[in-house]
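Undergrad: Predicted model follows, preceded by the sequence.
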Amino acid sequence: MRNKFLMILFVFVGSVFYTKTTAQSLSVEAIENSIKKDGKYALLVSNARYFQAAVMTGKGFKANNPKMDFEIVLIGPVVKDLAKDESLKSFIETSEKVGIRLVVCEAAMNHFELKNGDFHNSIQFSPDGFVYMFGLQESGFKTITL
């Protein structure tokens with residue numbers, strides 16, 4: 001009797017919590033085309049390679065959707081690279097040209113003993129990159145950390 005009761009209980013609980021799983025039905029193209037023309041997107045970046053990729057992604061977004069907000073928040077070692085590595089200058093200029101906001105974490109600047117004057121004039125600053133990202137999220141931005 002007890003075994004029958006447990007069997008019925010398992011079948012009942014299993015049927016209540018059963019959810020049908022289906023494969024994703026949208027194509028890659030359909031998903032990429034679903035990005036909002038007036039969307040708000042931000043990337044938190046900590047190294048130079050990801051910074052370059054973020055700029056290229058933002059450039060593509062802004063080319064198709066000029067009204068889109070796209071920001072790159074820079075923390076950690078990339079902050080030093082941004083101030084010292086001349087090869088990143090073209091990416092900074094591209095960001096400025098297409099309307100991508102670059103925001104550098106001042107805490108990282110202090111760690112690497114850098115000053116605002118060490119950076120391109122288009123770069124903006126936040127006392128704390130993490131707090132700034134939380135603010136972007138609260139403002140409706142979709143964010144990714146690289």
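TA: Yes, it's here. Being a predicted model, the structure only gives us computed values, none of them experimental.

Undergrad: From Leu26, how far off is the nearest residue to Leu146 once chain neighbours are set aside?
TA: Residue nearest to Leu146 in three dimensions, not counting chain neighbours: Tyr50, with 4.0 Å by C-beta to C-beta, 6 or more residues apart in numbering. Just so you know, the C-beta spots here come from the backbone N, C-alpha and C atoms, and that holds for glycine as well. Counting by C-beta to C-beta, to the nearest Å, the separation of Tyr50 from Leu26 is 27 Å.

Undergrad: Which of those two has more residues huddled nearby?
TA: Shown here are Tyr50 and Leu26; by other C-beta atoms under 10 Å, Tyr50 has more neighbours (17 against 10).

Undergrad: Show me what counts as buried in stretch 64-80.
TA: Burial within stretch 64-80, assessed by neighbour count using 16 or more other C-beta atoms under 10 Å, is assigned to 65, 68-76, 78-80.

Undergrad: Quick one: low-confidence residue ranges for the chain.
TA: Applying pLDDT under 70 to the chain flags residues 1-24.

Undergrad: Recalculate using a threshold of 80.
TA: By pLDDT under 80, the low-scoring segments of the chain are 1-26, 30-38.
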